[in-house]
Structures are given as structure tokens and as C-alpha cells.
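Trainee: could you look at this predicted model? Sequence included:
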Amino acid sequence: MRLKKSFTITCIFSLIYVSAFTQNFDINLLKTINENESNFKNNFFNAASQSVIITGIAAPLGVLTAGIIKHDKKLQKDAAWMAGGYILNAVVTQGMKRIVQRYRPFVTYSFIIKRADGGGYSFPSGHTSAAFCTATSLSLLFPKWYVIAPSYLYASVVAYARMYQGVHYPTDVLAGAVVGAGCAWLSFKASAWMEKKHSAKKPAAL
């Protein structure tokens with residue numbers, strides 16, 4: 001009984017320590033990124049942040065257009081699952097925001113400079129999840145290094161931009177990256193499963 005009680009107390013203190021360490025690491029890293037302002041950084045990261053919705057819509061629309069021009073039914077279906085993954089990501093991200101209800105860093109810490117619009121809750125980062133969702137979708141559809149590398153580089157720039165702008169913690173963008181990539185992957189797997197199921201129902205050729 002004493003051993004069980006001691007173990008429980010140890011676990012509680014361990015969780016408190018890990019939570020405090022994570023919070024300190026989070027804000028200290030954010031503070032470092034948020035400092036050293038320049039006009040170039042402001043303009044560059046603002047452009048990266050604002051481009052997320054455009055790229056999120058343009059990517060599946062571009063694939064759909066290519067599918068229509070080439071009369072490629074597969075590309076048209078791929079565009080549909082890309083859009084589905086993007087919608088799923090938006091739903092999951094907004095749902096998590098409402099569950100966690102974490103305040104923006106510039107709200108909690110007065111020394112964090114806000115350089116962009118940031119409404120609602122902070123965790124996870126919606127811009128980051130959308131960027132990584134698009135990057136993962138393109139990488140799964142076109143598994144070539146010249147698609148994968150620029151896609152994830154762009155998504156990483158968006159994640160960094162949201163921290164530089166003072167609207168998200170490092171853990172916000174990390175969670176956003178996981179959520180975005182995960183939703184794209186789930187949509188891809190669901191599409192493959194449906195395609196396999198559809199093919200299995202086709203009557204065998206005589």
C-alpha cells in the first residue's frame with residue numbers, strides 16, 4: 001500500500017515537473033524566435049502566412065484541372081481526396097482548439113510581440129496544420145524529391161512564421177504539423193481503401 005502511494009506521488013510530481021519544463025521551453029524558444037525584428041522578416045513571413053489558404057485551395061484545384069485536361073479519372077479522384085483531407089484537417093484543428101482552449105502567447109506574455117492577426121485559441125496552429133496537410137497530400141500523390149522537399153520546406157516556413165509573428169507557441173505548430181500530415185495521410189488511406197473495395201466489386205472478365 002505504501003509502495004503504491006509512493007509511486008502515485010512520484011508520478012504526480014513527475015508530471016508537474018515535465019509540464020513546467022515543457023512550458024518554460026515553449027516560451028523561451030518562442031521568445032528567441034519572436035525577437036530580432038526586421039522589415040524583411042515581417043514582409044516575408046507575413047506573405048508565407050497569408051498564402052496558406054491560397055495554396056490549400058490551389059493544390060487540389062490544380063490536380064483536378066490536370067485530370068480534366070488529360071481525361072485522367074485517377075487524378076480527378078486524387079483531387080477529391082486532397083480536398084477531403086483539407087476539410088478533415090480544418091474540422092479536427094478547430095475541434096482541438098475548442099477542447100484545449102489555450103490562449104495565444106501574446107495574450108499570456110506581454111513581452112511577446114504580435115505581428116499578425118490571431119483570433120480564437122492557440123492550440124494547435126491552424127495555418128501550420130493546413131500547410132502540412134497540403135505538403136503531405138502533394139508528397140503522397142507525387143512521391144518525388146523535387147515535390148516533397150519544396151512542399152515541406154514551405155510548410156516549415158509557415159510554422160516558423162506563426163511563431164515569429166507571436167501568435168503560436170512551438171508546441172502549437174508541432175501539433176499542427178502532426179494533425180495536418182495525419183489528416184492528409186488518413187484521407188489518402190481512405191481513398192485507397194475505397195478504390196480497392198470498388199475494384200473488388202467489379203465482375204471478373206470472362
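Mentor: That came in fine, so what should we check first? Numbering: from 1, shown residues only.
Trainee: for the residue nearest the centre of the chain, give me its contacts.
Mentor: Note on the chain: the residue nearest the mean C-alpha position is residue 129, at 1.6 Å, using CA atoms, centre = their mean. Residue 129 makes contact with 89, 92-93, 175-177, 179-180, 183 under the criterion CB atoms under 8 Å, 6 or more residues apart in numbering. Just so you know, the C-beta spots here come from the backbone N, C-alpha and C atoms, and that holds for glycine as well.
Trainee: tell me the one among the residues you listed nearest to residue 161.
Mentor: Comparing these against residue 161 with CB to CB places residue 176 closest, at 12.1 Å.
Trainee: re the thing from before, most neighbours, which of the contacts of residue 129?
Mentor: residue 180 (34 neighbours; other CB atoms under 10 Å).
Trainee: related to what we said a few turns ago, narrow the contacts of residue 129 to those in helices?
Mentor: Mapping those onto helices (DSSP state H) picks out 89, 92-93, 175-177, 179-180, 183.
Trainee: I'd like those residues as CSV, with pLDDT and distance to residue 47 appended.
Mentor: CSV is the format used below for the ones in helices among the contacts of residue 129 (pLDDT from 0 to 100; distance: CB to CB, whole Å):
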residue, pLDDT, distance to residue 47
89, 96, 22
92, 96, 26
93, 96, 22
175, 96, 24
176, 96, 19
177, 97, 20
179, 97, 24
180, 97, 20
183, 96, 25
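Trainee: check which helix or strand residue 80 maps to.
Mentor: Here residue 80 sits within helix 73-100, counting by DSSP states H and E.
Trainee: for the next helix or strand after that helix, list the C-alpha coordinates in CSV.
Mentor: Sequence-wise, the next helix or strand downstream of helix 73-100 (DSSP H and E) is helix 105-108. Extracted C-alpha coordinates of helix 105-108, given in CSV (Å, rounded to 0.1, in the frame of the first residue of the first chain):
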residue,chain,number,x,y,z
PRO,A,105,1.2,33.7,-26.4
PHE,A,106,0.9,37.4,-26.9
VAL,A,107,-2.2,37.3,-24.6
THR,A,108,-0.4,35.5,-21.8
